[in-house]
Structures are given as C-alpha cells and as structure tokens.
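>>> build me a model:
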Amino acid sequence: MWRRQQGRCRPASCAVEELRRCRREQEAALRKARREQQLVSRRLLRDDSPEEASGVVAVLGEAEIQQFLRLAQRGTDEKEREKALVHLRRGLQHSATQQTFIRLEGSMRTLVGLLTSNQALLQFEAARCLHELSHSEQPEVAEACRPATSYLLTYLSSHSSDFIELCLYTLGNLIVGSEAVRRQLLPQGIIPALAACIQSPHVAVLEAVGYALSQLLQVKEAPEHIIPSILGSALPQHMLQLLQPSPKLNPGVAVEFAWCLHYIICSQVNNALLISHGALSTLGQLLLNLAGAVQSTEDTGLELLACPVLRCLSNLLTEEAVEDVGGQIQLRDERVVAALFILFQFFLQKQPSLLHEGLWLLNNLTANSPSFCTSLLSLDLIEPLLQMLPVSNVVSVLVLTVLCNIAEKGPAYCQRLWPGPLLSALLDTLTSSDTETVGQSLELLQLLFLYKPEAVQAFLQQSGLQALERHMDEAQLQDRVYALQQTTLHVT
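As a prediction, the model looks like this:
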C-alpha cells in the first residue's frame, strides 16, 4: 500500500518498485480467487423407448423389488428377465426406491450377479440399474454400489462402445458420491483404465472418459493422491493430442479435456511437466483456431471451449517453467493478441461474462513481456481496450491492470499511450464508486506522471485535482490520492 513519507514526494524509482510489489500481491490474490469452484456433478444417460417414456414411473416397495430381481434371475426366458430389469431400473429413478433397494438384503449382490451375466442384454440392463443408483445424491447409495466397481472397471475393455460409455458415466457419478468408492477405485486401477479408454476411436467414449476424469480431478484429495498418478500416466499426452486443432477436433471431446487440463493446472502439482509436453503451444494454437471460428460462423457454442482454454493459458503463464522453454515465443505475440481481441468482440456480443477470462490472459501476457505490450500498441488496440471499461467493475480493473503493465515498461511505452483517449477514460473511472477500479486508475496515473511528466499538466487542465479530492476521505484510497497530489506539485 501507499505510505506517506513526512509530506515529501518519493523518488520515482522507489514509487515504481512499490507499485510493482503492490500489483504482484494483487495478482497473487487474483490467481487464488480464480481457482475454479468445484463443478462436480452427476450425469444421467437415459434413452428410454417411446413406450417406456410415456408411462408413469411408480415407487417400488420391497416386495416389488424382490419380485423383479427374482424374475430377472429365474424368468422363463431372456425377454421376461430383461423386462423385469427394465421395470426395476425405472423404479430406481425414485430416491425412495433407491433407499429401499440398498436396505434390502442381498439386492446389490443379485444385481452384481446379473451384471456379470454371460447374456449381453441382461448385463446391459443391470448396468443401467447401477447407473440410476449412481445418480443418487445420497452418499450411502454410492457406497452401496462399491461391490460393482471392479466389474465396471473390467468392462471398460469391452467390445461394445455403448457399454463402455455407460460404465464410464456410472463410475464418474460414483466418484462424486463417495470417498470410500474413490479409495477403492484407485488401487483397482481406474487411472490405467482411463488411459486405455482415452485411445478409443469412438467420440462418445472419449467424452465419457473426459467426464469421469474431470470428476476424479475435482475431489478434495486429488492434488495429493490422484493427480501425481495421472501426470505419471499417458493421459496428459493423449489429452493434449485431443486438443490439437485439426479437422478431426471434436468440440464436445475438446471441452471435456480442456476442463480436465484446467483442473490439473489449478492443482499446481507439476505444471512444468505439462509445459514440457507442449501444453502452451497446443493451447495457443487452439486459441487461434477459436478466433478463426467466430469469424466464420454464428453459432458454434464457442464459449464452452473458450473459457477453459483461456484459463489454462492464463494459469500456465504464471509458472516459472514458461521462461525455461521460451513460452512467450511459443505463443507468437501478435497473433495471440489479435486473436484475443477477435474473441473480445465476440464475447461483447454473445457472452460478456467471458470478457474477464480473456483480460486475465492479456494481463498475464503483458505483465512481464515488453513484446506483448508492443503488440498492443503497434496493432492500435488501446482504444478497443478502453471501450470495455464500462462493461463491469471486474472488467474495468483488468483493463486498467493491462494498461498499468504497459505503462510500467517505461517512458517509451507511456509516450505511445499518451495522448489519445486515455485521459478522458481515466477521468471517467475516477467517478466510479468501486474502490478497486479507482485504485487501479490512480496507479496508472502515477505511472504516467512518473514516466511522462507532461501528462500532469493535461490532467490538471481537465479538473483532475477535483476528481482526486472526492476520494480523499476513502480509507483505502487516501494514501494513493495524497501521493498523486504530491506528484503533481512536484512536477508543476
């Protein structure tokens, strides 16, 4: 924070160092705040026939559950046995039936026995019953399914892609539901099983792998007990291959694995490994590909992929390993900056809530890179940047932070920032009621005054001192306001 020094103006070098320190502290806090909240969820695969979908699903009692299980085991023919499991599955859509089922002695043992049947239709219907149970919000239901997990893992090597997909979504749901299930799945080999499934040629299977993996990555014990094993497997390389821009890139698969990559990066277990595998280059190319896509089509569902890609790049750029592999060079300065501003225009029209994701990446690109700052100036992107100021307080702070990154690079950069629309934009931000926005504006003004003293006179001519005085009574701002006032007196 700013500190008064017996009423004297501090040397410019001290001021710049303090500004840098404050902003680094702020950026660290922002990185911490931007850790994605847990997005664990359960997915339900239902593909009922029209006849099934039109019927009313009733809650089943103990006697009915026992009857359907008995018929499924000992029915006169396969069709009758399959029909009994269909009735049971539909009943298990109710939480009351689920609770009755898991309390009924021998019910899960019977269902697991049917899951291991040598008759494919019975096996599939038994798996669908387990899938309904896995969707329960009650932990005890998930734990009751533990006897089935080893078989579900075994069937991930099945010849049926539909069966593999069903098993993967069921496992993904169970991962969310119970820590006991997770403790069991790890030694049973879920990570090698997922590493095998990710090589499937079937899109539906790949999406299901992404879902199950994302659930595993988000659990509380993942950084310590799960992610190191995942990073030690072939999964990261395969994930990056599936994110490579090409005609074969599938948006649904890419979205799943981009979020998986985001969760791994946020864990900070070993991001240097991901960078060494070419994550920066792959994500940078994907960003360019997304920018091209929004220019050629209206409705791509782009925001679903843009968000995790922007977050992955933003967080990777904070790693020290980036410098070791020439990360900035991998991203090819001007192309990335131009792509970001194409996406900004798209977000402004279609998805304003994603603007701050792109601006966070732009902040991380410009924080330590004069070349990215030069790109912004040479491509005349300062005015488009300023046009985003009114969107929201969060966006305003990030825009101003990027401008601070540029101004911090020294007199030559401030010379190119000024004159132009910057002064009027800053005077507008000083009327804001948001303390953080005003504080960032004050920081930018201080940098401009230090590196381009003639900016002070223009500021004063536009009633800048009066704009500062309105914030003198705000505890969080008064030190910075005082410092700016002293700077204006010193310069003039």
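>>> after the helix or strand encompassing Leu359 comes which helix or strand?
Secondary structure from DSSP states H and E places Leu359 in helix 355-367. Using DSSP H and E, the helix or strand that follows helix 355-367 in sequence is helix 370-378.
>>> tell me where the model's unsure across the stretch 151-300 of the chain.
Low-confidence segments of the stretch 151-300 of the chain, defined by pLDDT under 70, are located at 297-300.
>>> I'd like to know which elements the helix holding Leu359 is packed against.
helix 12-33, helix 302-316, helix 333-350, helix 370-378, helix 393-407 (3 or more CB pairs under 8 Å, 6 or more residues apart in numbering; DSSP states H and E). Where you see a C-beta, it was placed from the backbone N, CA and C, and this is true even at glycine.
>>> residues contacting the most centrally placed residue in the chain?
Centroid check for the chain by CA atoms, centre = their mean gives Pro308 as the closest residue, at 4.1 Å. Applying CB atoms under 8 Å, 6 or more residues apart in numbering to Pro308 gives the contacts 255, 258-259, 261-262.
>>> what is the burial count for Val481?
23 (other CB atoms under 10 Å).
>>> alpha carbons only: can I get the strand or helix carrying it in CSV?
Per DSSP H and E: Val481 is located in helix 478-491. The C-alpha atoms that make up helix 478-491 are tabulated as CSV, following Å, rounded to 0.1, in the frame of the first residue of the first chain:
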residue,chain,number,x,y,z
GLN,A,478,-6.4,8.4,0.6
ASP,A,479,-2.6,7.4,0.6
ARG,A,480,-2.6,7.0,-3.1
VAL,A,481,-4.6,10.2,-3.7
TYR,A,482,-2.1,12.1,-1.5
ALA,A,483,0.8,10.6,-3.4
LEU,A,484,-0.6,11.7,-6.7
GLN,A,485,-1.3,15.2,-5.3
GLN,A,486,2.3,15.4,-4.2
THR,A,487,3.5,14.3,-7.6
THR,A,488,1.5,17.0,-9.4
LEU,A,489,3.0,19.6,-7.1
HIS,A,490,6.5,18.3,-7.6
VAL,A,491,6.2,18.2,-11.4
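>>> helices or strands up against that helix?
Helix 478-491 packs on helix 435-451, helix 454-461, helix 464-469, going by 3+ CB pairs under 8 Å, 6+ apart.
>>> out of those, which one sits most buried?
Among those, helix 435-451 has the highest mean neighbour count (mean count of other CB atoms under 10 Å), at a mean of 23.
>>> the inter-axis angle of that one versus helix 393-407?
Calculated by axes from the mean of the first three to the mean of the last three CA atoms, to 10 degrees, helix 435-451 forms an angle of 10 degrees with helix 393-407.
>>> buried stuff in stretch 422-430?
By neighbour count on 16 or more other CB atoms under 10 Å, the buried set for stretch 422-430 is 422-423, 425-427, 429-430.
>>> all helices for the stretch 1-150 of the chain, in order.
Listed in chain order, the helices of the stretch 1-150 of the chain (DSSP state H, counting those that start in this stretch) span 12-33, 50-54, 62-74, 78-91, 95-103, 107-115, 120-134, 139-144, 149-154.
>>> among the ones you listed, which comes closest to Asn368?
Nearest to Asn368, of all the helices of the stretch 1-150 of the chain, is helix 12-33, at 10.3 Å by CB to CB.
>>> where do the helices sit along the stretch 151-300 of the chain?
Using DSSP H, counting those that start in this stretch, helices in the stretch 151-300 of the chain cover 161-177, 179-188, 190-197, 203-218, 227-231, 235-242, 251-267, 271-276, 279-296.
>>> in CSV: these, plus distance to Pro370 and mean neighbour count.
Listed next are those as CSV, based on distance: least, CB to CB, whole Å; neighbours: other CB atoms under 10 Å:
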stretch, distance to Pro370, mean neighbour count
helix 161-177, 45, 24
helix 179-188, 46, 16
helix 190-197, 41, 20
helix 203-218, 36, 24
helix 227-231, 33, 18
helix 235-242, 29, 20
helix 251-267, 25, 23
helix 271-276, 22, 18
helix 279-296, 19, 20
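>>> would CSV of those helices with distance to Leu477 be doable?
Formatted as CSV, the helices of the stretch 151-300 of the chain follow (distance: least, CB to CB, whole Å):
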stretch, distance to Leu477
helix 161-177, 45
helix 179-188, 46
helix 190-197, 51
helix 203-218, 39
helix 227-231, 41
helix 235-242, 45
helix 251-267, 32
helix 271-276, 36
helix 279-296, 36
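>>> how about these, which one is nearest Thr318?
So among the helices of the stretch 151-300 of the chain, helix 271-276 is nearest, using CB to CB, at 8.8 Å.
>>> quick check, Leu365 in contact with Ala339.
No. Counting by CB atoms under 8 Å, Leu365 does not reach Ala339; the two are 11.3 Å apart.
>>> between the two, point out the one with more neighbours.
Leu365 (25 against 21).
>>> leaving out chain neighbours, which residue sits closest to the more buried one?
Nearest non-adjacent residue to Leu365, counting by CB to CB, 6 or more residues apart in numbering: Phe372, 4.5 Å away.
>>> do the same with Leu217
Tyr263 is the one closest to Leu217 (CB to CB, 6+ apart), at 3.9 Å.
>>> centre of the chain to stretch 278-285, how far?
16 Å (CA atoms, centre = their mean, to the nearest Å).
>>> so the closest residue to Leu359 other than its chain neighbours versus Ala483, what's the distance?
The spatial neighbour of Leu359 that comes closest, neighbours along the chain excluded (CB to CB, 6+ apart), is Leu398 at 3.8 Å. Counting by CB to CB, to the nearest Å, the gap from Leu398 to Ala483 is 23 Å.
>>> between the two, which one's more packed in?
Leu398 (24 against 21).
>>> that one contacts Asn363, doesn't it?
Yes. Here Leu398 reaches Asn363: they are 5.9 Å apart, a contact under CB under 8 Å.
>>> count of neighbours near the closest residue to Arg128 other than its chain neighbours?
Closest residue to Arg128 apart from its sequence neighbours, by CB to CB, 6+ apart: Arg89 at 5.2 Å. Using other CB under 10 Å, Arg89 has 23 neighbouring residues.
>>> and for Ser150?
When counting by other CB under 10 Å, one arrives at 14 neighbours for Ser150.
>>> give me the pLDDT for it.
Here, the pLDDT recorded for Ser150 equals 95.
>>> that one is in contact with Gln188, isn't it?
Yes. Assessed by CB under 8 Å, Ser150 is found in contact with Gln188 at 5.4 Å.
>>> measure the closest residue to Cys404 other than its chain neighbours to Gln486 for me?
In space, and not counting its chain neighbours, Cys404 is closest to Leu444: 5.1 Å by CB to CB, 6+ apart. Separation of Leu444 from Gln486 (CB to CB): 17 Å.
>>> no further questions, thank you.
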